[in-house]
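> With the sequence up front, the predicted model follows.
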Amino acid sequence: MVSELTDKLFEAMLDAIPSPVLLVDEDVNIIAANAAANSFIGVDAETILRKRGGDVMGCLHSTKTSKGCGHADMCRQCVIRNSVGRTFMGNKVVRAQTKMDIERNGETIHAFILVTTSPIKLDDQSYCLLILEDFSQLVELKSLLPICAYCKKVRNDSDYWQRVESFLGDRLDLTFSHGICPDCFKEQLKELEAEKDEN
């Protein structure tokens, strides 16, 4: 009874994590996945079990060979596969960034992923906890951002101009506080003094 309750608690905790979390073996075969992983991959949990990560995620390189994930030339440079490998070689935690080319519904998506791997022992078996965090929105923001030279509003994807605070707040869930920098303070002070002198 306690064991069953503990299992349900751990499953609920993993499903509450918003990032995809996978339990994989040394060949990146998926043993278990949380709800976010199933959503990220786009299929239900039963469909992905015992299949390699690249095959179920839609990695373009896994389609280059009939053997799938782990067998294409590019797989030797795969950050996910290499991070899992380093974990099995004894590293406690491995963190790395990668750009993953994924095919979804006939369309190629470039996802920027932070990969975290950590070893897990379960019933004398070694596994790897694989966490994938998508930071594609941050990469988009690092690219060229159209901003008005006068009012500093930013043009979004819908050709709508909005204040930079609103633009960043919508994409990164940020709240801004306002202050005044020393240069602007001096400028405002000069304007106030000039106004005072006029009056």
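Yep, it's here.

> And the residue nearest the centre of this structure?
Note on the chain: the residue nearest the mean C-alpha position is residue 134, at 1.2 Å, using CA atoms, centre = their mean.

> For it, report the pLDDT, please.
At residue 134, the pLDDT value in this model is 82.

> my read: it touches residue 109, true?
No. Residue 134 is not in contact with residue 109 according to CB atoms under 8 Å; the separation is 10.3 Å. Just so you know, the C-beta spots here come from the backbone N, C-alpha and C atoms, and that holds for glycine as well.

> tell me, how many neighbours does the residue nearest to residue 73 when sequence neighbours are not counted end up with?
Leaving aside its chain neighbours, residue 73 sits nearest to residue 64 (7.4 Å; criterion: CB to CB, 6 or more residues apart in numbering). Neighbourhood size, residue 64 [other CB atoms under 10 Å]: 14.

> Also residue 187?
When neighbours are counted by other CB under 10 Å, residue 187 registers 12.

> separation between residue 65 and residue 125?
Distance check for residue 65 against residue 125: by CB to CB, to the nearest Å, it reads 28 Å.

> And the two? Which one has more around it.
Taking other CB under 10 Å, residue 65 and residue 125 do not tie; residue 65 has more neighbours (14 against 9).

> quick one: pLDDT of that one?
Confidence score, pLDDT, at residue 65: 84.

> Can you classify residue 127 by secondary structure?
Under the three-state scheme (DSSP: H, G, I helix; E, B strand; the rest coil), residue 127 adopts strand.

> Mind giving me the packing neighbours of the lengthiest helix in the chain?
Assignment by DSSP state H gives helix 182-198 as the longest helix of the chain. Of the remaining helices and strands, none touches helix 182-198 by 3 or more CB pairs under 8 Å, 6 or more residues apart in numbering; DSSP states H and E.

> Thanks again, I'm all set now.
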